[in-house]
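Undergrad: Sharing a model prediction with you, sequence too.
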Amino acid sequence: MIDLKAVAPDLPTEMCDFLAAGADALTTARSAAGRARDRLPLDQVQLESPILRPPKILAVGLNYADHVAETGRDAPKYPMIFNKQSTSAHPPYAPFHLPRASSALDYEGELAVVIGKACRHVPAERASGVIAGYTICNDVSVRDWQIRVPTFTMGKSFDTHCPLGPWIVTSDEIGDPHSLELKTWVNGELRQSSNTKQLIFNCFQLVEHLSTAFTLEPGDVISTGTPAGVGVAMKPPQLLKLGDVVKIAIDGIGEIENAVIEEPASTVRF
């Protein structure tokens, strides 16, 4: 790890501002990284979410055929979009909460797209040009709250329930985002094993669909959906418990790992 502020002090220090600064900022950062002398070992750094407060977190339901099959539902004709509130964004290795309101806690390993520039009406064949890069998302879900209403938003938006990271890998380093292995483990047991080639609506199609309705902004996160193997669909269901550890790995990006802890009393604020 390097401190870009030390070698390129004019660069924005907040990720959304950095992305909005465009290609020139990235070129400056690359050049500065090459001449930086002071480097910190990764194990001496506490990583935050690569985007502390995404302008929007847009998620997709039922976007892998095997996940559709395990739910017993029909495949959607159009992307099934829901929101996760921006306050759910969470560091890649910090524990997330078993909420006081429910014990129906579940995991969903997902590839997430990070938007790099403000855009609208982007055709799928040009969508790669507005994507800054890719990261990993755990779309943590509170299942009983999720199914109370069709929108899913409440059950998907509890604080700490969107671990992201461990970093954003730029599009040029990822190459084809639709051929990446995705795996999820709970306490070392492999629960999900798939490939992004199985996406029903791919990353570029999702950008086209979403930008038809509204402007996508730098730092927006699109979590592209989860494959089969979620806890609620197992027989019997295997929902998360206190002390469980969820690890998600995606080729070319790395892995995130988060333990489940009790929601602390400090979350009560009024």
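TA: Cool, got the structure. Numbering: from 1, shown residues only.
Undergrad: tell me the helices in the stretch 51-200 of the chain, going along the chain?
TA: With helices called from DSSP state H, counting those that start in this stretch, the stretch 51-200 of the chain shows them at 65-71, 143-146, 153-156, 171-174.
Undergrad: Format those as CSV; extra columns: distance to residue 191.
TA: Every C-beta, even on glycine, is put in place using the N, C-alpha and C of the backbone. Converted to CSV, those look like this (distance: least, CB to CB, whole Å):
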stretch, distance to residue 191
helix 65-71, 12
helix 143-146, 15
helix 153-156, 19
helix 171-174, 24
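Undergrad: Deepest in the core, which of those is it.
TA: helix 153-156 (a mean of 20; mean count of other CB atoms under 10 Å).
Undergrad: next one: it to chain centre, how far?
TA: Taking CA atoms, centre = their mean, to the nearest Å, one finds the center of helix 153-156 at 15 Å from the center of the full chain.
Undergrad: and if you look at stretch 35-52?
TA: Offset of stretch 35-52 from its chain centre (CA atoms, centre = their mean): 19 Å.
Undergrad: swap in stretch 118-132?
TA: Computed by CA atoms, centre = their mean, the chain-centroid distance of stretch 118-132 equals 19 Å.
Undergrad: Quick one: neighbours of the closest residue to residue 224 other than its chain neighbours, just the number.
TA: The shortest distance from residue 224 to any residue that is not its chain neighbour, by CB to CB, 6 or more residues apart in numbering, is 5.1 Å, and that residue is residue 111. Other residues near residue 111 number 26, with proximity taken as other CB atoms under 10 Å.
Undergrad: nearest to residue 36, of the helices of the stretch 51-200 of the chain?
TA: Evaluated over these, closeness to residue 36 peaks at helix 171-174, with 18.6 Å, by CB to CB.
Undergrad: Does the closest one pack against any helices or strands, and if so which?
TA: Under the contact criterion of 3 or more CB pairs under 8 Å, 6 or more residues apart in numbering; DSSP states H and E, helix 171-174 touches strand 131-138.
Undergrad: Kindly format the C-alpha coordinates of the strand it packs on as PDB.
TA: Once non-C-alpha atoms are left out, strand 131-138 reads as follows in PDB (Å, rounded to 0.1, in the frame of the first residue of the first chain):
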ATOM      1  CA  ILE A 131     -17.200   1.500 -15.700                       C
ATOM      2  CA  ALA A 132     -14.200   2.400 -13.500                       C
ATOM      3  CA  GLY A 133     -13.700  -1.200 -12.200                       C
ATOM      4  CA  TYR A 134     -15.000  -4.100 -10.200                       C
ATOM      5  CA  THR A 135     -15.100  -5.200  -6.600                       C
ATOM      6  CA  ILE A 136     -16.700  -7.800  -4.400                       C
ATOM      7  CA  CYS A 137     -19.900  -7.400  -2.500                       C
ATOM      8  CA  ASN A 138     -21.600  -9.500   0.100                       C
END
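Undergrad: Understood, closing this out.
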